[in-house]
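In: Model the structure of this input:
(one chain, ligands or ions: 2)
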Amino acid sequence: MKNTADITVLGAGSYGTALAISLASNGHRTLLWGHDPEHIENLKRDRANEAFLPGITLPDLLVPEADLATALAASNNVLVVVPSHVFGLVLEQAKPLLREDSRIVWATKGLEPETGRLLQEVAREVLGDKYPLAVLSGPTFAKELAAGMPTAISVAGTDESFTQDLVELLHSSNRLRVYANDDFTGLQLGGAVKNVIAISAGMSDGIGFGANARTALITRGLVELTRLGEAIGAQASTFMGMAGLGDLVLTCTDNQSRNRRFGLALGKGQGVEEAQVEIGQVVEGYRNTKEVYTLAKRLGVEMPITEQVYKVLYQGGTPHEAAKSLLAREKKSETEDSE
Ligand SMILES: NC(=O)C1=CN([C@@H]2O[C@H](COP(=O)(O)OP(=O)(O)OC[C@H]3O[C@@H](n4cnc5c(N)ncnc54)[C@H](OP(=O)(O)O)[C@@H]3O)[C@@H](O)[C@H]2O)C=CC1
Ligand SMILES: O=C(CO)COP(=O)(O)O
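Out: Ligands and ions are numbered 1, 2, ... in the order given. Coordinates of the predicted model:
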């Protein structure tokens, strides 16, 4: 009995811990696994994740666990919240330890490094077709979620009953609204592309441009996301929701976003590496820019903002040059869907 749980969360960084806090606050026994035993010992001792969410007390129903086998045996519901570059690796580690009835959901935002594949393809390749899959996506800063501030998020997946069970587990009538969505592809893509656009908005603000430029980047970023989404079979309407417009507005406008802060630092003249080190947590957009750019090129989708961010991150371009190039583009109609 002691080792059973309603859900197991893999990844004890800021967002994994915030989601585990939220689930446990809803009355669900939640195991939180992290790969660093010392970090897990600290969570147990402090009843807080001082490294990532200082000052927030862990609810009693949140149980830190260092042993992956114990964590995965405890529940059939497995929520993966690790950075995208280790997503496949963590699933490989989990695979031999999963239960027959396991169901896998992730809150990781990104595409697979190098290939630019959606994480659902990575999950299928590693785990096969046996397990129901789902994704959580939307505008949710870990710190606010963990503090119980009002938040809304979307969930979609391969299996209607899993999606509904996730809504039941996560939804809280006084803190967290969880919207079921049927666009599994769109929710995953939105979470990856917003990272890139948040970097662009940060760069713009870092240079010293104002609200007009930031808002133009959000709006045209949404157009880029929608174009790419439609090219891979997502629904355009998804991007008017939490995982599109919602997450773009959040991360392009608030300095809690690490991607935005990364862009801000670049806009102020800092180097790529130095800026990442200073942030000290995962900046998904650094890698995601390459994957989104490559995917767009492969599909022939026009994404000028993404292209400019790519040039700054990987080809020695500067934020000023990026801004100049975007402004100097040919005049066009706002509703043209390419060029
Ligand atoms: N923070 C947020 O507000 C939100 C984050 N997300 C997404 O959630 C995902 C995780 O981000 P977040 O929690 O913020 O990142 P953090 O940088 O806060 O934490 C990442 C965690 O992953 C751990 N980790 C790294 N490598 C491995 C591995 N091989 N196996 C297991 N754990 C590993 C890290 O451990 P260590 O410290 O030991 O390296 C750390 O605990 C990202 O895709 C992000 O985009 C989505 C919505 C909101
Ligand atoms: O995804 C997020 C909020 O929805 C977190 O954004 P950052 O990764 O930019 O901090």
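In: Which helix or which strand is home to residue 187?
Out: Following DSSP states H and E, one finds residue 187 within helix 184-207.
In: try residue 89
Out: Counting by DSSP H and E, residue 89 is part of helix 87-94.
In: list the buried ones in that helix?
Out: For helix 87-94, a neighbour-count test (16 or more other Cβ atoms under 10 Å) marks 87, 88, 90, 91, 94 as buried. Yep, even glycine has a C-beta here, placed from its N, CA and C like the rest.
In: List of residues touching it?
Out: 10-11, 68, 72, 78, 80, 82, 104, 106, 108, 110, 112, 119, 122-123, 125-127 (Cβ atoms under 8 Å, 6 or more residues apart in numbering).
In: just stretch 39-58 next, same as before
Out: 12-14, 17-18, 20-21, 24, 32-34, 64-66, 142-143, 146-147, 281.
In: ok, back up a step: now the following helix or strand past the helix holding residue 187, how far from the centre of its chain.
Out: The first helix or strand that comes after helix 184-207 along the chain, using DSSP H and E, is helix 211-231. How far helix 211-231 lies from its chain's middle: 18 Å, per Cα atoms, centre = their mean, to the nearest Å.
In: Mind checking which of the contacts of stretch 39-58 are in helices?
Out: Residues of the contacts of stretch 39-58 located in helices (DSSP state H): 14, 17, 18, 20, 21, 24, 142, 143, 146.
In: Now the closest residue in space to residue 82 that isn't next to it in sequence: phi and psi?
Out: Computed as Cβ to Cβ, 6 or more residues apart in numbering, the closest residue to residue 82 that is not its neighbour in sequence is residue 11, at 4.0 Å. The phi and psi torsions at residue 11 (degrees, to the nearest 10) take the values phi 120, psi 110.
In: Not counting its neighbours along the chain, what's nearest residue 246?
Out: Using Cβ to Cβ, 6+ apart, the closest residue to residue 246 is residue 139 (4.2 Å).
In: List the residues that contact the residue most central in space within the chain.
Out: Nearest to the geometric centre of the chain sits residue 109, at 2.6 Å (Cα atoms, centre = their mean). Listed by Cβ under 8 Å, 6+ apart, the contact partners of residue 109 are 84, 137, 191, 192, 194, 195, 284, 288.
In: do you know how far the fifth one is from residue 305?
Out: Residue 194 sits 12 Å away from residue 305, going by Cβ to Cβ, to the nearest Å.
In: between the two, what contacts are shared?
Out: Joint contacts of residue 194 and residue 305 (Cβ under 8 Å, 6+ apart) are residue 221.
In: higher neighbour count, these two?
Out: residue 194 (35 against 24; other Cβ atoms under 10 Å).
In: Spatially nearest residue to that one (excluding sequence neighbours)?
Out: residue 247 (4.3 Å).
In: same deal with residue 162?
Out: That would be residue 132: by Cβ to Cβ, 6+ apart, it lies 4.2 Å from residue 162.
In: Now for the one you found: which residues touch it?
Out: Contacts of residue 132 by Cβ under 8 Å, 6+ apart are 103, 104, 157, 158, 159, 161, 162.
In: Is it possible to mark the buried ones in those residues?
Out: Here, 16+ other Cβ under 10 Å leaves 103, 104, 157, 158, 162 buried among the contacts of residue 132.
In: Sitting in strands, which of those residues do you find?
Out: Mapping the buried ones among the contacts of residue 132 onto strands (DSSP state E) picks out 103, 104, 157.
In: Nearest to ligand 2, out of the buried residues of helix 87-94: which one, please.
Out: residue 87 (14.5 Å; Cβ to the nearest ligand atom).
In: Kindly state the pLDDT recorded for the residue of the chain found nearest ligand 1?
Out: Across the chain, no residue is closer to ligand 1 than residue 13, which sits at 1.8 Å (Cβ to the nearest ligand atom). At residue 13, the model reports a pLDDT of 97.
In: for it, what are its contacts?
Out: 34, 52, 81, 82, 83, 281, 282.
In: Now neighbour count and distance to residue 301 too, for the residues you listed, in JSON lines please.
Out: Below are those laid out as JSON lines (neighbours: other Cβ atoms under 10 Å; distance: Cβ to Cβ, whole Å):
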{"residue": "34", "neighbour count": "24", "distance to residue 301": "37"}
{"residue": "52", "neighbour count": "21", "distance to residue 301": "35"}
{"residue": "81", "neighbour count": "26", "distance to residue 301": "29"}
{"residue": "82", "neighbour count": "22", "distance to residue 301": "28"}
{"residue": "83", "neighbour count": "19", "distance to residue 301": "25"}
{"residue": "281", "neighbour count": "15", "distance to residue 301": "30"}
{"residue": "282", "neighbour count": "23", "distance to residue 301": "26"}
